[in-house]
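# sequence and predicted structure below; questions after.
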Amino acid sequence: MQQGTSTSELHEKARTLWFQVGDVDPESEQYETADHRRASGAEANRAVGYRRSASWADALHRYEEFWRASEHTPRENTRNRSTLPNNERRLGEWARHQRRFDDRLTAYQRIRLDVSPAFEWDPHESRWRINLAASIQHVQTNGRLPRLTSADPAEFALGRWLGRQLRQLKSGTLSRDREAHISALLALPTGVPEKPTL
């Protein structure tokens, strides 16, 4: 588990930010209380009027528990859907629902999702940034861009990703922001890195 990602630490961080924002409305308070109860291991309040907040907190914590256990966020779809466990698919659908209806979330819900290391508002952009960082690290470590001809599956995947970016760059379909990042990646010095002397 990454440092600062326990459920109680995430709840406290979200609670502090929520108070700083000053949007302490009664509906947000229900979600904060449900998150606190879930983080502390207390029984959820499932009385009428509190079921929705308790269910939301349960789903969020299951989502984060899945991420901690599997080191990736739950997927809602895959090429071979029969291999996707129903539990993972439902959690992936829950996350999509949060993104789609973010305007209906309370202030606390939005803040809590912001601090969650498992949740991304834009997973495609997040994955793109992770691939960019991995490509930069690859150049810095190996002195060359990732290759499609590599026998290493991780380098091959980065090479395939970089190839798609270069095709989009050439066709002019890469956003300006991404174009700047890819240009900076291509400008990194290449060559055999010096071996450290002992």
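Received the coordinates, thanks. Numbers count the residues shown, from 1 in each chain.

# counting neighbours, what do you get for D102?
Residues contacting D102 under the criterion other Cβ atoms under 10 Å number 12. To be clear about C-beta, it is placed using only N, CA and C from the backbone, and glycine gets the same treatment.

# and if you look at E93?
A total of 13 residues lie near E93 under the criterion other Cβ under 10 Å.

# thought it was touching L84?
No: using Cβ atoms under 8 Å, E93 is not in contact with L84; the gap is 11.0 Å.

# residues in contact with the closest residue to R37 other than its chain neighbours?
Of all residues not flanking R37 in the chain, A44 sits nearest, at 5.6 Å (Cβ to Cβ, 6 or more residues apart in numbering). When contacts are counted by Cβ atoms under 8 Å, 6 or more residues apart in numbering, A44 touches 34, 37-38, 50, 54, 57-58.

# filter the residues you listed to the buried ones?
Buried by 16 or more other Cβ atoms under 10 Å: 34, 37-38, 50, 54, 57, out of those.

# so which two of those residues are the farthest from each other?
R38 and Y50 (12.3 Å; Cβ to Cβ).

# need the helices for the chain, in chain order.
7-21, 26-40, 51-70, 86-100, 107-115, 123-142, 153-171, 176-186 (DSSP state H).

# what's the closest of those helices to T78?
That would be helix 86-100 among the helices of the chain, by Cβ to Cβ, at 8.6 Å.

# coming back round to it: quick one, which of the buried ones among the contacts of A44 has the minimum pLDDT?
Here the lowest pLDDT out of these sits on Y50, with 89.

# now it: closest residue in space that isn't a chain neighbour?
Q30 (6.1 Å).

# got the contact list for the one you found?
Counting by Cβ under 8 Å, 6+ apart, Q30 makes contact with 49-50, 53.

# possible to save these as JSON lines with distance to R75?
Shown next, in JSON lines, are the contacts of Q30 (distance: Cβ to Cβ, whole Å):
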{"residue": "G49", "distance to R75": "33"}
{"residue": "Y50", "distance to R75": "30"}
{"residue": "S53", "distance to R75": "26"}
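
# wait, which of those is closest to N131?
Distances from N131 to those, taken as Cβ to Cβ, are shortest for S53 (36.3 Å).

# can you tell me the closest non-neighbouring residue to L186?
Setting aside the residues directly before and after it, L186 is nearest to L145 in space (Cβ to Cβ, 6+ apart), at 7.7 Å.

# tell me the centre residue of this protein?
With distances taken as Cα atoms, centre = their mean, the residue of the chain nearest its centroid is E120 (3.9 Å).

# what's the separation between it and R38?
21 Å (Cβ to Cβ, to the nearest Å).

# likewise D58?
From D58 to R38 the distance is 6 Å (Cβ to Cβ).

# cool, P85 as well?
According to Cβ to Cβ, P85 and R38 sit 22 Å apart.

# now T83
As judged by Cβ to Cβ, T83 and R38 stand 30 Å apart.
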